[in-house]
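Q: what shape does this take:
(one chain, ligands or ions: 1)
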Amino acid sequence: MSRVINFSAGPSTIPLSVLEHAKAEFTDYKGHGYSIIEISHRTKIFEEVLHSAMARVKRLYGFGENFKILFLQGGGSLQFAQVPMNLMTKTGYAEYANTGNWTNKAIKEAEILGINHRVIASSKESKFDHIPEVKFSDDADYGYICSNNTIYGTQYKTLPKCKCPLVVDSSSDLFSRPVDISSVGLFYGGIQKNGGPAGVTMVAIREDLLDRADDTSTPMILRYKTQANADSMYNTPNTFGIYMLDLMLEWIENEIGGLAKMAERNEQKTAILYEAIDASGGFYTGHARADSRSLMNISFNIASGAEVEAKFIDEASKAGMIGLKGHRVLGGIRASLYNAITAQNVKTLVEFMNEFARKNG
Ligand code: PMP
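A: Residues are numbered from 1 along each chain as shown. Got it, this is the predicted structure:
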């Protein structure tokens, strides 16, 4: 079997061992005579999978007893609206740090909902090429950040510390490194980059925040509390997605050895690509400022222009490397080096890049 090297920004590559595991038990789950996707979520068999995945999330990040883990639907995009709907108090205000497309969208939803909010930091002026300094007010209802900016390839080295609850969109660096959760009130991410297929959003929420939503105006289905009380089964959850997430987290825990090891691996492999860009004599230019470089998404351009970039993407694809086209708002090339990408995969890309630069430089 020949599998391509998949640098897609999401949904993205999954370790072959995880796919093989799912394949092996797909038609007959653990000898029960049915597939995990064919049974009710209200069975002991599915609940075991659900609770296993929730426990793994807690263990990996160190979320304590005062956190609830929820598996929701609607993607990161629903969280842009669900966060203000649930966390705003009647008289309070929210603060946002604007670091690109995905925070822009979150701010837009706050505008539509008419909540009292302000943007306290932004890197818009320099095309979102870095993470600005972020300092949230002590008494804000929440401070909102996106920890990794999938399009621009920038990432917070560490999460900001604040007295107000910190809300983190970690969609594109979920399960990729340990984080200091001491300020975190709500931590979320769609799992389709580092945790399995599309269709599940992991939300870790501090329990004391569950009571903030206004029961008279927030629809039941959109209250975190509803899902927290129903163990994420107020409506039928994405059973297959949660099952795949559990397998992915098992891989991170048992094959890799946890988030610190995951981060070490991610740092090593990302360094290989950044070094190649820096050593290309200006043929390749990275978008992110060096101090804000992402360990997950590396967005870069070829100095000679869009035509050569298109040729690069085409030739890479012929060489078995896909998903390298940059997001439409930035153009150029983007290599997403999520958890399942190996150092060897990156070396193969770098060999191709060096050869391409030699031929087209
Ligand atoms: N946040 C970030 C950082 C993202 O990268 C994305 C999608 N790529 C989203 C939010 C939106 O996620 P979804 O498409 O699952 O709604």
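Q: list the contacts of M54.
A: I69, F71, S232 (Cβ atoms under 8 Å, 6 or more residues apart in numbering). Backbone N, C-alpha and C define where each C-beta goes, glycine included.
Q: for A263, same thing?
A: S176, R177, P178, L295.
Q: how near is it to the ligand?
A: Separation of A263 from the ligand (Cβ to the nearest ligand atom, to the nearest Å) stands at 18 Å.
Q: one more: V184?
A: 16 Å.
Q: gap between the nearest residue to that residue once chain neighbours are set aside and the ligand?
A: Nearest residue to V184 in three dimensions, chain neighbours excluded: L166, at 5.1 Å (Cβ to Cβ, 6 or more residues apart in numbering). The spacing between L166 and the ligand, counted by Cβ to the nearest ligand atom, is 16 Å.
Q: show me what L166 is bridged to.
A: G143, V184 (DSSP bridges).
Q: touching, it and S183? I think so.
A: Yes: L166 is within contact range of S183, at 4.2 Å (criterion: Cβ atoms under 8 Å).
Q: and the protein, which residues reach the ligand?
A: Proximity of the chain to the ligand (Cβ under 6 Å from any ligand atom) is limited to residues G10, G75, G76, S77, W102, C146, T150, D169, S171, S172, G190.
Q: how about 8 Å then?
A: By Cβ under 8 Å from any ligand atom, the residues of the chain that approach the ligand are 9-10, 74-80, 102, 105, 146, 148-151, 169-172, 189-190, 192-193, 198, 201.
Q: and the helices in the protein?
A: Applying DSSP state H to the chain gives helices spanning 16-24, 44-61, 75-87, 101-113, 224-229, 239-250, 259-278, 306-318, 343-360.
Q: could you dump these into JSON lines with distance to P160 and mean pLDDT added?
A: Below are these laid out as JSON lines (distance: least, Cβ to Cβ, whole Å; pLDDT from 0 to 100):
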{"stretch": "helix 16-24", "distance to P160": "33", "mean pLDDT": "98"}
{"stretch": "helix 44-61", "distance to P160": "17", "mean pLDDT": "98"}
{"stretch": "helix 75-87", "distance to P160": "16", "mean pLDDT": "98"}
{"stretch": "helix 101-113", "distance to P160": "13", "mean pLDDT": "98"}
{"stretch": "helix 224-229", "distance to P160": "22", "mean pLDDT": "98"}
{"stretch": "helix 239-250", "distance to P160": "26", "mean pLDDT": "98"}
{"stretch": "helix 259-278", "distance to P160": "19", "mean pLDDT": "98"}
{"stretch": "helix 306-318", "distance to P160": "34", "mean pLDDT": "98"}
{"stretch": "helix 343-360", "distance to P160": "29", "mean pLDDT": "98"}
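Q: which of the residues of the chain next to the ligand count as buried?
A: Neighbour-count burial (16 or more other Cβ atoms under 10 Å) applied to the residues of the chain next to the ligand gives 9-10, 75-76, 78-80, 102, 146, 148-151, 169-172, 189-190, 192-193, 201.
Q: and stretch 124-144, which residues are buried?
A: So for stretch 124-144, counting by 16+ other Cβ under 10 Å, buried means F128, D129, H130, I131, P132, V134, F136, A140, D141, Y142, G143, Y144.
Q: could you do stretch 224-237 as well?
A: Result for stretch 224-237 [16+ other Cβ under 10 Å]: buried residues Y224, K225, T226, Q227, A228, D231, S232, Y234, P237.
Q: out of these, what pair is the most spread apart?
A: By the measure Cβ to Cβ, K225 and P237 form the most distant pair in the buried residues of stretch 224-237, at 16.4 Å.
Q: before we move on, back to that, check the buried residues of stretch 124-144 and tell me the two furthest apart.
A: Maximum distance among those (Cβ to Cβ): 29.5 Å, for D129 and D141.
Q: what about the nearest residue to I151 once chain neighbours are set aside, how many residues nearby?
A: Of all residues not flanking I151 in the chain, H327 sits nearest, at 4.3 Å (Cβ to Cβ, 6+ apart). Residues lying near H327 (other Cβ atoms under 10 Å) number 17.
Q: look up how far K225 lies from H327.
A: Going from H327 to K225 by Cβ to Cβ, to the nearest Å gives 35 Å.
Q: where do the strands sit along the stretch 151-300 of the chain?
A: With strands called from DSSP state E, counting those that start in this stretch, the stretch 151-300 of the chain shows them at 154-155, 166-169, 184-190, 201-206, 284-286, 297-302.
Q: list the contacts of the closest residue in space to G189 that isn't next to it in sequence.
A: Distances taken as Cβ to Cβ, 6+ apart put L174 closest to G189, at 3.7 Å, once the chain neighbours are dropped. By Cβ under 8 Å, 6+ apart, the contact set of L174 is G189, G190, I191, K193, N194, G195, M202.
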